[in-house]
Every structure is written in structure tokens, then in C-alpha cells.
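In: Fold the following for me, if possible:
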Amino acid sequence: MAIGIGRRLFISGLGAAAVAWPLASRAQQVGRVPTVGVLWHAGSAEQEQPYFAALLEGFHDLGYIEGKNIRLEHRFPNESPERFKTMAAELASAKVDVMVTVGNPTAPYAKNATSTIPIVFLFVSDPVGAKLVDSLARPGGNATGLSNFATDLTAKRIEFLKEIIPGLSHVGLLVNPSEPSSRQYVDEGKAAAAALALAVHTFEARSLDELEPAFDAMTKAGVQALTLGPGGLLYQGRAIIDRLAIAHRLPTCAWSRETLVSGALMSYGPDQVAIARHAAVYVDKLIKGAKPADLPVELPTSFQLLINLKTAKALDLNVPELFLVRADALPVRTDDILLHPNKEAPGQSRRFVGSEKAASFSPSNGGCLSGATRPWWFCLV
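Out: Sure, this is the predicted structure:
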């Protein structure tokens with residue numbers, strides 16, 4: 001597995017005022033099967049992959065079997081504000097024992113729908129600013145969860161683009177202005193670009209139909225590289241974005257492995273699959289009687305920098321050797337198989353084991369694989 005979340009920062013300071021959670025206590029009644037409502041943001045389980053599977057895997061790892069000792073009620077609003085509202089209200093009316101929300105837009109709707117049902121949010125960049133919690137250490141209400149935010153992420157993405165793109169002078173920021181954290185992302189991007197003496201341009205897309213015009217505007221503005229803002233819409237449209245980026249010859253830095261694999265040049269951010277998997281731990285604690293006010297919001301403390309060499313080749317971009325020698329290891333695609341690394345010490349040669357063949361990799365060989373002809377991506381630290 002790639003270097004992922006690993007250590008997590010648990011903000012210290014437990015002991016918030018006790019609050020009675022009758023629904024959580026109901027879940028502990030002998031013989032009663034707890035119900036967990038999950039409010040996603042996309043339109044289907046398929047569109048939510050790999051996070052959908054990761055959340056289920058997290059429950060399975062804790063011994064939960066759907067239909068036997070847990071019930072999961074999934075809702076897919078398809079990025080529609082009205083559906084966010086009605087589906088959150090629907091789960092609250094059903095009196096689920098715990099509600100899980102995925103993404104920045106979903107959590108406020110759940111919070112507005114109930115003040116008593118415990119809520120576990122995922123991928124919320126600013127829980128305090130969104131008024132979901134009083135503080136990271138002491139959430140104080142009925143919500144807690146896992147954030148994917150860390151300072152300087154946007155700055156590092158722009159810095160990495162400048163490092164590998166010769167003569168970079170104009171960088172673009174693509175955002176969905178309806179996303180609650182878009183303003184914060186734009187402010188960070190402008191400050192980072194200014195520090196690197198880069199001109200920065202902001203482009204907006206409120207729907208998938210607005211992506212192509214946004215890329216046309218980037219070309220007219222002379223943008224040479226692109227970073228992506230957060231949010232469900234840009235995740236849902238990641239394949240479209242990457243296709244347009246290659247067509248417009250725009251090297252793009254995304255925020256996770258999942259936003260890289262459809263064709264972005266690189267990504268930098270926390271392991272979001274691990275975050276989704278770990279959410280089940282929070283749900284399990286709440287089912288067993290813990291109070292959201294006593295569970296600090298969890299922040300990531302390690303990050304993945306990934307580069308897609310196939311896209312680099314398509315863009316005629318030579319990635320500097322000094323950039324590649326920082327490589328540790330990540331799954332590498334050969335002609336017909338995705339190989340997964342076993343767990344060896346960082347910096348050593350890796351043995352990638354697939355169902356039919358294997359390859360070895362060492363950071364010192366510039367990314368060449370023995371036994372495989374197409375290096376696909378690296379994890380750089």
C-alpha cells in the first residue's frame with residue numbers, strides 16, 4: 001500500500017460537557033441492529049468509488065456484516081442542493097442511529113436536519129468555519145469526523161508544478177464556487193502563486209457542462225498549468241477534466257490518487273481512501289455509546305505526492321530526475337495488471353505482487369521497473 005494516512009493527529013482535550021444521546025443508547029440494546037444512514041454527494045455507489053467500497057471495508061474490518069449486525073441506508077443526492085436537503089431530512093426522520101456525510105456540501109444539511117442524531121462527517125476541509133463543531137478538540141455538539149485539510153496543500157501543489165514545468169509563469173485555479181471551501185482555496189492559491197512570482201487565474205464551473213468553456217478560457221488566458229479546487233463536482237467530473245487538460249496541454253495537479261488515475265499529471269494530498277475506511281471506527285464508537293462532543297476531529301498528518309508518467313509522456317514533459325529520485329512506491333500498472341506493493345521498509349527495493357506476474361522497483365533506478373514496460377505512477381515523499 002502507498003504511504004497513506006498512517007499517523008493521525010488526534011486533537012487532545014477530551015471531556016466536553018456530557019450530552020444524552022438516546023439514539024446511540026438505543027443501538028446498544030440487546031438484539032437490536034443499529035442503522036447507519038450515509039449521505040453521499042454523487043448520484044450512485046459507482047460514482048462514489050473507491051470511497052464507497054472503503055467505507056464498507058472499514059465496517060467489515062470491525063466485524064460488522066450488513067443485514068446481520070448493522071443496517072446501512074445510503075442516499076445519493078447527485079450534487080443537487082434540493083436533494084441534499086430532502087435526503088438529509090429523510091434520514092433524520094427515519095431515526096437512524098448515526099448519520100455519515102461525505103464531502104463539504106453534505107454535512108451542513110445533516111446538521112440542519114437533526115440536533116440529536118450523531119453525525120460523522122468525511123472530507124470536510126473547515127469544520128469550525130462551517131459551524132459543524134465548536135472546535136477541533138471539543139466538537140461540542142452532535143457532529144464530529146475526519147477532515148482532509150492541512151495548511152499549505154495548495155501552495156505545495158503549485159510549487160510542485162513550478163518545479164517540473166520549465167518556464168512556468170501562469171497557473172490556473174479551477175473551482176466550483178458553490179463549494180463551501182472554494183474561497184479559502186482561491187485565497188491560498190493566490191498567495192502561493194504570488195510567493196513564487198506566478199500570475200494566477202481563477203476559473204469557475206458550477207456544473208459539468210461548464211467545464212469545457214472553462215478550459216477554453218484557460219487557453220485564451222495563456223494558462224500553462226492547473227490546480228483543482230476541492231469538492232464533489234470536480235471529483236465527479238475528474239475524467240472529463242483530465243481529458244480536457246490533456247487536449248489543452250495543461251499539466252494538472254489534483255488532490256488525491258483517485259483524481260490522478262483518470263489522467264492528471266500529479267496529485268498531492270492525504271490518502272482519502274484511508275480516511276473513508278477509518279470513518280467506520282468513529283461510527284463504531286458512537287454506536288457503542290460515545291458522544292460526538294467527546295471525539296476530536298481527526299486531521300491527516302501524512303500525504304501522497306503522486307505523478308502519472310503516462311500523462312507526462314502525453315504532454316511531452318520530462319520530469320526532472322531530482323523529482324523522481326524522491327520516489328518511495330505506489331501501485332504500478334503494467335500492460336494488463338495493477339500490481340500492489342507489499343509492506344517493506346521505505347526506501348528499499350519493492351516487490352510488486354500481482355495475480356500473474358511481479359516486478360521490482362528501487363528509487364535509485366529512476367523509476368524503471370524490471371519485468372514491466374510501462375511505469376504508471378510513483379508515490380513521492
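In: Grab the nearest non-local neighbour of the residue positioned nearest the centre of the chain.
Out: Nearest residue to the geometric centre of the chain (Cα atoms, centre = their mean): Q272, 3.9 Å. Nearest residue to Q272, sequence neighbours excluded (Cβ to Cβ, 6 or more residues apart in numbering): S256, at 4.8 Å. C-beta: built from backbone N, CA, C; applies to glycine.
In: contacting residues for that neighbour?
Out: Neighbouring residues of S256 by Cβ atoms under 8 Å, 6 or more residues apart in numbering: 267, 269-272, 304.
In: what do you get if the cut-off is 7 Å, keeping everything else the same?
Out: 267, 269, 272 (Cβ atoms under 7 Å, 6 or more residues apart in numbering).
In: do A280 as well
Out: 55, 58-59, 62.
In: Narrow these to just the buried residues.
Out: 55, 58-59 (16 or more other Cβ atoms under 10 Å).
In: Just these: which are in helices?
Out: 55, 58-59 (DSSP state H).
In: so which of those residues would you say is closest to S262?
Out: Minimum distance to S262 across these is 21.1 Å, recorded for L55 (Cβ to Cβ).
In: and L286, what element?
Out: helix 272-287 (DSSP states H and E).
In: Could you pull out the helices in this structure for me?
Out: Using DSSP H, helices in the chain cover 22-27, 51-61, 81-93, 106-113, 153-164, 182-195, 211-221, 232-236, 238-247, 257-260, 272-287, 309-314, 321-324.
In: could I get these as CSV with distance to P300 and mean pLDDT?
Out: Listed next are these as CSV, based on distance: least, Cβ to Cβ, whole Å; pLDDT from 0 to 100:
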stretch, distance to P300, mean pLDDT
helix 22-27, 26, 46
helix 51-61, 15, 97
helix 81-93, 25, 97
helix 106-113, 17, 95
helix 153-164, 10, 91
helix 182-195, 16, 91
helix 211-221, 28, 97
helix 232-236, 17, 85
helix 238-247, 20, 94
helix 257-260, 13, 84
helix 272-287, 7, 96
helix 309-314, 25, 90
helix 321-324, 23, 76
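In: Let's have those in a markdown table, adding distance to V133.
Out: Shown next, in a markdown table, are the helices of the chain (distance: least, Cβ to Cβ, whole Å):
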| stretch | distance to V133 |
| --- | --- |
| helix 22-27 | 17 |
| helix 51-61 | 21 |
| helix 81-93 | 17 |
| helix 106-113 | 10 |
| helix 153-164 | 20 |
| helix 182-195 | 17 |
| helix 211-221 | 33 |
| helix 232-236 | 21 |
| helix 238-247 | 29 |
| helix 257-260 | 26 |
| helix 272-287 | 13 |
| helix 309-314 | 38 |
| helix 321-324 | 38 |
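In: residues in contact with stretch 171-189?
Out: By Cβ under 7 Å, 6+ apart, stretch 171-189 touches 104-105, 125-126, 130, 154-155, 158, 161, 193, 198, 200-206, 214, 218, 223-231, 233-234.
In: That's all I had, so thanks and see you.
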